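Novice: with the input below, show me the fold.
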Amino acid sequence: MGPKPKKKSDGKSAKSKKAREKKLRAEALLQAEREEAERLERERLRQEHLTNLEAKYQGEKESELAKLKSLEKKFLYALQWKMDCREQAKWEHYLSCDGTPDPTIPQEINTFMSLWHDNQDEDVQLVMEKEKVVLNLIEKLESLLLETSPDEITEKLREQYQEFILQLQDLLRKKYNEATQNLLKTANMYEDSETGNMHTAIKDENSTFCIWVNLKKKARFKSHVFQEAGHGFDLPKSLALSSVAIRVLHTRYDHVSPLWVQCQGLPRQEASDSQELAGHPKDTGQEPGAEEEEGREEPSLSTAEETSSSVREESAALLKEKSNNTDDAKETGEETEKNSDILDVPSQGEEALLQEEAGGREEAPRAVDLQQLVPVGGVYHIDALQLPPQPQDVGDWSVVELLDVGLEVYPYSPGEAEDGTQEAVQITLRLPDNVIYFQVPVVARWEPAGQQWRTDGISNITYEAEEKSISFQMGAFYPVALLQDAHLNLPYQAWELHPTGVDEGLFTVTAAFATIQIQIKDDQCMLSSVVVEEEKVLSHITGKWMSPFALRETLKRAGVNIFPAEYSPEYVPVPRKAALTEVKAYDQMALMAAAFAFAHSKWNGEAGPERVVFKVSEHLTAGSAKDNNWSLYMFSGEKVQNLKLTETSEAFSEELEEESEFHSTLHHMLKDTASNKAMDKVERAGFLFIDSVYQLLHATRVLAYS
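Specialist: The predicted structure is shown next:
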């Protein structure tokens with residue numbers, strides 16, 4: 001009878017347990033309801049708070065934008081200053097009477113070219129001296145094309161300047177050919193005592209001229225190295241037994257690629273606006289601060305206001321615009337081909353060789369995409385030349401046969417080597433010391449007929465990074481360039497901009513292969529350092545003050561391209577950013593750069609295409625901003641907000657920082673928490689410094705490519 005009480009006890013226990021569970025569920029439900037009610041109340045209060053903030057934002061928007069417009073007059077001052085400087089430079093050139101032409105005056109530039117064209121007795125050294133003048137004229141014309149607004153220069157003048165550039169380039173090529181011909185006419189007077197052949201190398205900061213003349217035509221002297229330059233070659237036996245001259249002319253500039261390629265990546269001013277994207281007067285050679293105080297006064301805005309219209313809208317259109325250079329390149333290419341020297345045009349036999357390598361293996365023609373790969377380090381013009389008749393001593397007379405044919409290409413048709421493969425010319429080039437190649441350069445040869453750089457016809461490439469040399473074989477003689485990926489340093493890993501003094505700042509870009517530091521002072525910039533694998537490089541261009549435009553050109557020529565072009569999104573996988581938002585952000589960051597530091601945020605890519613996110617810190621002392629002093633701001637072009645988010649947060653959030661508000665401008669957003677000293681420094685910031693900061697930010701596009 002014992003089990004029965006036990007069963008009764010178990011029944012009571014089960015009922016009690018169910019009651020407890022029911023009570024717990026009821027309590028949990030009540031708790032959930034309370035929590036939901038609290039959440040809804042918090043959300044209601046949050047929405048009410050946001051509604052109030054939005055109403056306040058809309059109420060203050062007009063006055064805030066009016067203040068921004070007042071600050072943006074500094075861009076107009078900068079534009080007017082640059083226009084005045086261009087006029088002053090023309091006047092000073094007129095007064096100098098130094099014999100060099102003004103390239104913007106057709107009569108002067110035509111007279112210069114005509115007089116030089118008629119002088120056909122110059123040697124290589126004289127051509128190199130005149131080359132400096134020609135390159136300076138070309139640089140001035142290119143600067144005008146890239147920097148000057150349409151209101152200052154008509155489209156007709158632009159076309160005229162482009163034509164002058166092409167004519168100067170063509171004339172320079174012809175003068176090198178004439179000087180080469182003059183040298184070859186008396187080559188036997190300079191024969192080497194050891195080999196009986198003639199060789200020489202002449203170099204300056206712009207070009208290296210190397211020539212070897214096969215006077216003795218002995219097979220054992222089929223190779224040569226120009227010790228002064230580091231270039232060399234190894235000829236097939238057929239050439240070693242021929243009356244041929246081998247010329248290697250290395251120009252550290254590129255006058256072979258179409259004109260648009262040389263200007264790629266530089267924002268051209270299509271808009272009549274005050275925020276000229278690439279504009280700055282040419283470098284006067286003065287140290288920052290050397291100008292007189294009158295030069296710092298805010299100039300008259302009469303002309304600048306006439307040329308100013310829809311500032312950021314027009315600038316944004318440049319970013320959105322897709323590159324339409326294909327047609328321009330074809331037109332320029334046709335024009336260049338008409339003016340090309342006979343040495344640049346291979347024979348039909350040489351054209352046939354373009355389809356196969358030295359080993360005889362057929363390969364598909366490969367044209368280089370000049371939007372992806374760009375020539376770095378200049379062009380190596382490698383030619384086999386016909387040796388003209390040499391003077392012969394007859395008694396007391398020196399007799400020579402005169403041929404009025406100019407410099408001729410040697411009619412070389414490669415035969416077959418003993419192993420049955422096609423003979424090839426072995427070329428070794430010493431890479432320039434003032435250029436850095438982050439990867440093995442692509443060797444390409446120029447095809448004038450198609451106006452293209454091509455990689456077919458070149459084989460057995462050997463790159464020696466330590467020795468800074470590259471060797472390869474090719475079946476004929478061509479102009480050769482070493483190409484590098486234009487986007488290999490994109491996207492950036494990080495960037496930072498912070499003030500270092502009155503109208504001074506330091507801009508640091510950490511790219512994929514290098515860290516670049518640029519100092520800014522007034523209208524000038526200076527490359528502070530380029531660090532690759534903890535080693536400083538390119539010391540020859542560091543420590544020199546120049547305009548932002550000149551700095552961009554200098555860095556690109558040295559192989560450090562951190563300046564995206566319009567077409568760069570096709571090659572760099574970065575989140576798209578709205579052009580207008582991006583341009584407005586650079587505008588307002590530049591206006592605040594005198595007292596605030598800006599830096600990369602990892603959340604920028606998470607904010608979507610219509611908004612940008614960056615770090616900001618008040619910065620009144622020397623050195624980089626400390627990590628714990630940064631705040632995150634999100635900008636849509638119309639609204640700025642301070643985010644509660646930090647760089648260490650687990651996920652992106654648009655939640656506002658406590659006691660933060662919406663504002664129409666970055667100026668008013670930062671003013672909420674900034675010191676009076678910082679805002680006073682912003683008000684007193686010089687217009688030249690602000691313009692320089694804007695140019696660097698826009699040229700690097702750090703908000704889109706990091």
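Novice: now do the longest helix along the chain, average pLDDT.
Specialist: Secondary structure assigned by DSSP state H gives helix 3-71 as the longest helix of the chain. Summarised as a single mean, pLDDT over helix 3-71 is 77.
Novice: quick one: it to chain centroid distance?
Specialist: Between the centre of helix 3-71 and the centre of its host chain there is 55 Å, according to Cα atoms, centre = their mean, to the nearest Å.
Novice: helix or strand right after that helix?
Specialist: Scanning the chain past helix 3-71 towards its C-terminal end, the next helix or strand to appear is helix 73-96 (assignment: DSSP states H and E).
Novice: and Gln473, what are its bridge partners?
Specialist: Taking DSSP bridges, one finds Gln426, Ser459 as the beta-bridge partners of Gln473.
Novice: and it, how many neighbours?
Specialist: If you count neighbours by other Cβ atoms under 10 Å, Gln473 ends up with 20. All C-beta spots, glycine's among them, are computed from the backbone N, C-alpha and C.
Novice: that one contacts Pro414, correct?
Specialist: No. Using Cβ atoms under 8 Å, Gln473 is not in contact with Pro414, being 10.7 Å away.
Novice: so after the lowest-mean-pLDDT helix or strand in the chain, what's the next helix or strand?
Specialist: Every helix and strand of the chain was ranked by mean pLDDT, DSSP states H and E. The lowest is helix 348-353, at a mean of 34. For helix 348-353, the succeeding helix or strand toward the C-terminus, using DSSP H and E, is strand 373-386.
Novice: what is that following strand packed up against?
Specialist: Under the contact criterion of 3 or more Cβ pairs under 8 Å, 6 or more residues apart in numbering; DSSP states H and E, strand 373-386 touches strand 244-251, strand 442-447, strand 479-485.
Novice: okay, now the unreliable bits of the chain?
Specialist: The model of the chain has pLDDT under 70 over residues 1-12, 45, 49, 259-365, 391-404, 415-422, 622-628.
Novice: got the domain ranges for it?
Specialist: Here the domain assignment for the chain is 106-172, 190-262+367-390+406-485, 494-700, based on the TED database.
Novice: how about a markdown table for the helices and strands packed on strand 373-386, with distance to Glu408 and mean neighbour count added?
Specialist: Shown next, in a markdown table, are those (distance: least, Cβ to Cβ, whole Å; neighbours: other Cβ atoms under 10 Å):
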| stretch | distance to Glu408 | mean neighbour count |
| --- | --- | --- |
| strand 244-251 | 10 | 23 |
| strand 442-447 | 19 | 22 |
| strand 479-485 | 17 | 22 |
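Novice: nearest to Gln80, out of the ones you listed?
Specialist: The closest approach between Gln80 and any of those, judged by Cβ to Cβ, belongs to strand 244-251 at 37.7 Å.
Novice: just the C-alphas of that closest one, formatted as CSV.
Specialist: What follows is strand 244-251, C-alpha atoms only, in CSV (Å, rounded to 0.1, in the frame of the first residue of the first chain):
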residue,chain,number,x,y,z
VAL,A,244,76.0,50.3,-90.2
ALA,A,245,75.7,52.7,-87.2
ILE,A,246,73.8,51.8,-84.1
ARG,A,247,72.2,54.8,-82.2
VAL,A,248,70.6,54.6,-78.8
LEU,A,249,69.0,58.0,-78.0
HIS,A,250,67.4,58.0,-74.6
THR,A,251,65.1,61.0,-74.0
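Novice: quick one: closest of the domains of the chain to Glu60.
Specialist: domain 494-700 (7.2 Å).
Novice: now the end-to-end length of that closest one.
Specialist: The first residue of domain 494-700 is 12 Å away from its last residue (Cα to Cα, to the nearest Å).
Novice: for the stretch 501-650 of the chain, which segments are assigned as helices?
Specialist: Ranges of helices within the stretch 501-650 of the chain are 548-557, 579-592, based on DSSP state H, counting those that start in this stretch.
Novice: perfect, I'm done here.
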